[in-house]
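1. Dropping a prediction and its sequence here:
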Amino acid sequence: MLRPWLLAALTVLGGCVHERVLAVGRSYLLSVIAGDGQSASAGSTLPHALVVGVRDASGAPVKAAVVVFRVMAGAADGAAMVDSIAVTDDAGEAESELRLGSRAGAVVVQAFPSGADDRTVTFRATATGGPVLAGVLPVNVGPGDTLVLAGSALGGLTATVEIGTARVHPVSGGDGELRAVVPDCLSEGSINVRVLSGTAWTASRPVTYAGRRRPIALRPYESVVIGAAELASCASLATEANAEFIVIPQFASQAATPVQTMVRVAAGTATTAAALFGTSAAGRAIRESPSSAQDVLDAALRDMEWRLAPMARAEPVSHAPMHAQSLETLRLFHVIVSLAGDSTTHATGRLRFTGAHVAIYVDTVTPAAFSDAELDRMGRLYDTDLYRVVTTAFGPEPDIDHNGRVLIFLTPRVNALVAAGDCGLRGFVTGFFHGRDLLTTVPHSNAGELYYGMVPDSTARFSCAHTSADVQILMQGTFVHEFQHLVSFFQHVLARGGNPEETWVNEGLSHIAEELASRLFEARYPAPLGRSTATQLFPDSASPFIKPQMLNAYVYLNSSSGHSVTTFGGSGSLEERGAVWLFLRWLGDQKGEAIYRRLVQTSLTGMANVEAKAGEPFARLFGDFATAIWADSIPGVPRSAVAPRYRFASRNLRQLMAREATISEWPDPFPFTPLRIWNTGSAEGPLMPGSMVYLRMGPFGAVPGHATLSFRRTDGVAFAGTEGAQVSVLRVR
C-alpha cells in the first residue's frame, strides 16, 4: 500500500506528464470574433454582442480566461458595457454587450486579458440619431389625464412610456407623437417621463403629478399595483353588481431575517370581524418541513463562502497542481466530514470515467459501489447533457486546475455525514460543492472544480440504505443544482472580485438549473414518449429534476404569507425554495431565459441584481408576479384572456399544482383558496419581507359604486418605505 504522501507526489508527477500547463494571462493572444463595426440608435444596446477569442501561446483556445472590456471613447455620453468582465467558454470565446450613449457619435471599446491591459483588441461602433422626446404636455397632470409626447423616432404603438414608476403603452400616435394616459397612484410632485423605443430610452422630461381619489375601472383580468401609502388618498375600485377582485397585500422587499409584521387589510368601513390569514383559509395548511441535513450543510458551506470571498480577492495568481487523467489513476482528496463543514479528512479516489467535460472518481473504500456500465451511463449523462445545461444557462466554470473537466468524487464520506439512525428525522446528504476548492492557497482545498456525491449502500454500512438505482436518480438533480453554485461563486467572486450571490437568488437559480435539465428531456421526449404511465405530465428522464420544484411550489403556495421569496432562514426551506423558483421562472418567462446568465455573470447581488438585469424596479416585478400566481391558467378562462405579464409563459401553473396534488395525495388541485373579505370587512395576520397573501372581495350587489381598500400595520405605525408595502388588485369577474 502506498503511503499518502508518496501517493500524492506520484499523482502530481504523473499529471505533469499527461496534462499541458496553459499559458498565463500575459501570454494570451486575443482576436476579434464578432461584433465590430455595428451601428444602432443612441441610447440603445447594440444588436449583437462584442465577441473576442482567446488563445494560448500554442494557438489552443483558452477556457475560463477573464477578459476586460473598457469603453475608451463615448463614455462621456453614457456609453457603457452591460458588464465589463466576461469569461471565455470551451471555444475560448468571451462576449459582452455594449449600450450606446445618449448622443450620436463614435464609440470605441478595447478588450484585454485581466492583468494585461497592454494586450488589447479594439471594437468600433457608431451611435446614430436615437429617439428624442422634445416635449410633454400638459406639464401638470393627474390620474386619467392624457399626455401628449412630441419628438422623433418614438416608436409608435410599440413604444413603452414610463411615467414616474409606472410603465404604460400609448393609446395612439406614431414616431413623431404619442398619447398616453396617466395612471393612478403615482408619487406626488415632480416625476419624470421618458419613452422606450426598441432598446433605446429617450432623455427624461419632468411633469408635476397631483394625485386625486377616483375609482379605478379595471376590466376582467386587468391588474394594478398600488402602494400602501397611496391607498388612502388616490384610488378606489369601481364596482359592478357581479364584480370580484383578488386583492394581494405584500411586502416587495427583503431583510436580513424573516421577521413577521402584523398587518390589516380592510375594505370600506370594515364593520365585520377581522379574519386571520396566518394559515390557509380552510385550515388545510401542510406541515412545514424541518431543516434537513442537506439544508444544514448547504447553509454552512454558503456561509463559509462569504468568509472566503476576501481571501479569493487577495489570492495571488498561482497554478493548481496537475493530476493525471488516465483511467485507474489514484488521487487524494480533502473531504468534509461534518454538517458544519468545519472538519475534513483525506480520502483516495480512483478515476473510473473521463469524458470531454466530466471525470468521475470513486472512493477506494467502496471500489464496487458502481459497475463499469453504471459509471459509463452516469458519466455520459453528466458529460453530454447535464454539463451543457448548466454552462449554457449560466456560463463556464473556471477550470483552475487546467484539466478541462469538472471532477465528481463519489465517496461514502458523503453518506456518513448523517448517521443511519438520524436519516428518518434529518434526511441525508446527496452531494455538495464547496467554494474552498476553487482557491488554490487555502488549507484543505482540492484546487479544482469538484462535486462530492454519495454512493450506493444497500447494507447500510455507512449510513441509511440506498440502492444504486436510487443514488443515480437522486444525484442527477443535485449535480446540476450544485454546479450552478460552482459557476456562480466563480463568476461573482473569482472573476469579478465581488461577494457571493445572496442566498435567495443563488438557491433560486440552482432550482432553475434543475428545471432547465427537466426541459431538456421534455423536449427530447414529447408526450407520450418516454413515459411509464399515460397520466404523466413529464417523461421519466425529466421527473428527477421537475418533481422537487412542483412539491416545493405547492407547499409554498399553501401558505404564501408565512414564507418569503427574498428572505431565507438558513439556506432556505422547501417553501422558500418553491417561492423563489416560481419568481425566477416567471421572470425568465417575462424577460427571456438569457436573464439567468446575466444574473450569474455579474458582481451585483440580491434585489439590486434582479432590478439591474430586468431593467425594472423590484416592487413592480414583485407585484405583477404576485398577480401571475393567481391569474395563470384560471379555470374556464382562455389563457389568452390574461395579459402575458400576468401569467407564466412556459408552464401551466394550475396544471402543475393539480398533478402534484395527485402525486402527493392532497385533496386540493390548487394549494389555496383566497380568504374572502366582504365589502365592509377586513383580514389581518402576519407578513414578512418578500411574502404575500391572497384575499377575494365581491360581488357588490345590484348598485354600481366603488370600494375602498386600506393596508396598514395593526399597531397603527406607518410602513417604512423600505418595506415595499403594496397591494396588487386583479379583477376576475
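-> All right, it came through fine.

2. so where do the strands sit in the stretch 151-300 of the chain?
-> Ranges of strands within the stretch 151-300 of the chain are 160-163, 166-168, 172-173, 177-181, 189-197, 200-201, 205-209, 214-216, 223-227, 235-239, 245-251, 261-267, 275-276, based on DSSP state E, counting those that start in this stretch.

3. need those in CSV with mean neighbour count, distance to residue 624 and mean pLDDT, can you?
-> Where C-beta positions appear, they are placed from N, C-alpha and C, glycine not excepted. Shown next, in CSV, are the strands of the stretch 151-300 of the chain (neighbours: other CB atoms under 10 Å; distance: least, CB to CB, whole Å; pLDDT from 0 to 100):
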stretch, mean neighbour count, distance to residue 624, mean pLDDT
strand 160-163, 21, 14, 95
strand 166-168, 15, 11, 90
strand 172-173, 16, 25, 94
strand 177-181, 19, 19, 96
strand 189-197, 18, 17, 95
strand 200-201, 21, 20, 90
strand 205-209, 17, 21, 95
strand 214-216, 17, 16, 81
strand 223-227, 22, 7, 91
strand 235-239, 21, 17, 79
strand 245-251, 26, 10, 95
strand 261-267, 21, 19, 90
strand 275-276, 14, 26, 78
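
4. and residue 589, which of the ones you listed is closest to it?
-> strand 223-227 (16.1 Å; CB to CB).

5. If you count contacts, what does that closest one end up packed against?
-> In terms of contacts (3 or more CB pairs under 8 Å, 6 or more residues apart in numbering; DSSP states H and E), strand 223-227 is packed against helix 618-631, strand 725-731.

6. Which of these sits closest to residue 459?
-> Evaluated over the helices and strands packed on strand 223-227, closeness to residue 459 peaks at helix 618-631, with 45.7 Å, by CB to CB.

7. Go through the strands of the stretch 151-300 of the chain and name the closest to residue 474.
-> Between residue 474 and those, the shortest gap by CB to CB is with strand 245-251, which sits at 35.1 Å.

8. Show me the domain layout of this protein.
-> The record's domain parsing of the chain by automatic domain parsing lists 25-128, 132-210, 215-282+673-731, 289-499.

9. mean pLDDT lowest for which of the ones you listed?
-> Among those, domain 215-282+673-731 carries the lowest mean pLDDT, at a mean of 85.

10. Pull up the distance across that one, start to finish.
-> Taking CA to CA, to the nearest Å, the first and last residues of domain 215-282+673-731 lie 14 Å apart.

11. returning to that earlier point: tell me which of the strands of the stretch 151-300 of the chain lies nearest to residue 482.
-> When these are ranked by proximity to residue 482 (CB to CB), strand 245-251 comes first, at 30.6 Å.

12. tell me which strands and helices that closest one is in contact with?
-> strand 261-267, helix 618-631, strand 682-687, strand 695-697, strand 725-731.

13. how about the domains of the chain in JSON lines, adding distance to residue 614?
-> Output for those, formatted as JSON lines (distance: least, CB to CB, whole Å):
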{"stretch": "domain 25-128", "distance to residue 614": "13"}
{"stretch": "domain 132-210", "distance to residue 614": "12"}
{"stretch": "domain 215-282+673-731", "distance to residue 614": "13"}
{"stretch": "domain 289-499", "distance to residue 614": "17"}
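
14. Tell me which of the ones you listed approaches residue 656 most closely.
-> For those, proximity to residue 656 was assessed by CB to CB; domain 289-499 is nearest, at 16.6 Å.

15. centre of the chain versus that closest one, how much separation?
-> Distance of domain 289-499 from the chain centroid (CA atoms, centre = their mean, to the nearest Å) equals 22 Å.

16. Next: stretch 714-728.
-> Chain-centre distance of stretch 714-728: 26 Å, with CA atoms, centre = their mean.

17. For that stretch, give me every contacting residue.
-> If you take CB atoms under 8 Å, 6 or more residues apart in numbering as the criterion, stretch 714-728 is touched by 223-229, 231, 246-253, 261-265, 618-619, 622-624, 626-627, 684, 689, 692, 709, 711-713.

18. Please give the centre-to-centre distance between stretch 611-623 and its chain.
-> In terms of CA atoms, centre = their mean, the centre of stretch 611-623 is found 13 Å from the chain centre.

19. Tell me the buried residues in it?
-> 611, 613, 614, 616, 617, 618, 619, 620, 621, 622, 623 (16 or more other CB atoms under 10 Å).

20. Next: stretch 479-487.
-> Buried positions in stretch 479-487, judged by neighbour count with 16+ other CB under 10 Å: 479, 480, 481, 482, 483, 484, 485, 486, 487.

21. Okay, the one residue sitting closest to the centre of the chain and residue 565: tell me how far apart.
-> In the chain, the centroid-proximal residue (CA atoms, centre = their mean) is residue 509; its distance is 4.0 Å. Separation of residue 509 from residue 565 (CB to CB, to the nearest Å) stands at 13 Å.

22. between the strands of the stretch 151-300 of the chain, which gets nearest to residue 38?
-> Nearest to residue 38 among the strands of the stretch 151-300 of the chain is strand 200-201 (13.9 Å), distances taken as CB to CB.

23. The closest one: how far from the chain's middle?
-> How far strand 200-201 lies from its chain's middle: 25 Å, per CA atoms, centre = their mean.

24. Sheet-wise, list the partners of it with their directions.
-> Sheet pairing of strand 200-201 (DSSP bridges) gives strand 189-197 (antiparallel).

25. got the angle for the partner strand vs strand 177-181?
-> Counting by axes from the mean of the first three to the mean of the last three CA atoms, to 10 degrees, strand 189-197 points 130 degrees away from the direction of strand 177-181.

26. How far off centre is strand 189-197?
-> Remark: strand 189-197 is offset 29 Å from the chain centroid, using CA atoms, centre = their mean.

27. The residue nearest to the centre of the chain contacts residue 596, doesn't it?
-> Yes: using CB atoms under 8 Å, residue 509 is in contact with residue 596, at 6.2 Å.

28. which residues do those two both contact?
-> With CB under 8 Å, 6+ apart, residue 509 and residue 596 have common neighbours 394, 584.
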